[in-house]
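> sequence first, predicted model second:
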Amino acid sequence: QVQLAETGGGLVQAGGSLRLTCLVSARTFNKYTMGWFRQAPGKEREFVTAIRWFSGSTYYADSVKGRFTISRDKAQNTGSLQMNNLKPEDTAVYYCAAAESSTWPLPGAHDYNYWGQGTQVTVSS
């Protein structure tokens with residue numbers, strides 16, 4: 001059983017930064033991939049980035065490459081999403097998710113078994 005909880009959303013002006021954190025509760029998480037997804041009103045859930053928990057390998061959607069950075073702290077059992085140079089189109093509810101899969105990269109939301117409750121990120125122009 002895996003539980004995920006996001007924190008760190010909020011309101012920021014365009015060009016600003018936010019850092020999201022996902023706290024993982026699990027007996028063991030080394031076989032998992034952590035992903036970040038987002039969903040804007042009226043749109044489908046969209047892949048943002050993912051990290052392999054054991055190796056630290058990362059993968060990004062083109063829309064955030066160079067602006068967002070995913071990381072994890074294995075000792076603290078937390079994953080983070082550092083978002084810089086935010087744009088109004090980044091406005092969405094952001095979710096962290098976990099998948100126990102050997103496939104890599106893993107951008108499909110249907111591949112993830114566990115989801116956090118989501119945190120709102122709003123970027124004003």
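Received the coordinates, thanks.
> Thr91 - how many residues pack around it?
Neighbours of Thr91 under the rule other Cβ atoms under 10 Å: 19. (Glycine included, C-beta is placed from N, CA and C.)
> over to Arg45?
18.
> per-residue pLDDT, it?
Listed pLDDT for Arg45 reads 97.
> the closest residue in space to it that isn't next to it in sequence and Trp104: what is the separation?
Closest residue in space to Arg45, ignoring its immediate chain neighbours: Gln39 at 4.4 Å, by Cβ to Cβ, 6 or more residues apart in numbering. According to Cβ to Cβ, to the nearest Å, Gln39 and Trp104 sit 23 Å apart.
> cool, Leu86 as well?
The value you get for Leu86 to Trp104, if Cβ to Cβ is used, is 27 Å.
> which one of those two has more residues nearby?
Using other Cβ under 10 Å, the more surrounded residue of Leu86 and Trp104 is Leu86, with 22 against 11.
> which ones are touching the more buried one?
Taking Cβ atoms under 8 Å, 6 or more residues apart in numbering, we find Leu86 in contact with Val12, Ala14, Gly15, Gly16, Ser17, Leu18, Arg67, Val121, Val123.
> just the buried residues out of the residues you listed, in PyMOL syntax.
Buried subset of those, written as a PyMOL selection, criterion 16 or more other Cβ atoms under 10 Å:
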select buried, resi 12+18+121+123
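> contacts only, for Glu89.
Neighbour list for Glu89: Val123 [criterion: Cβ under 8 Å, 6+ apart].
> that one looks like it's in a helix, true?
Yes: under DSSP: H, G, I helix; E, B strand; the rest coil, Glu89 sits within a helix.
> just the pLDDT for Trp53.
96.
> ok, now how distant is it from Val123?
Relative to Val123, and taking Cβ to Cβ, Trp53 is found at 28 Å.
> then Tyr112?
Applying Cβ to Cβ, the value for Tyr112 to Val123 is 25 Å.
> just to revisit the earlier point, correct me if wrong: the residue nearest to Arg45 contacts Val93.
Yes: using Cβ atoms under 8 Å, Gln39 is in contact with Val93, at 5.3 Å.
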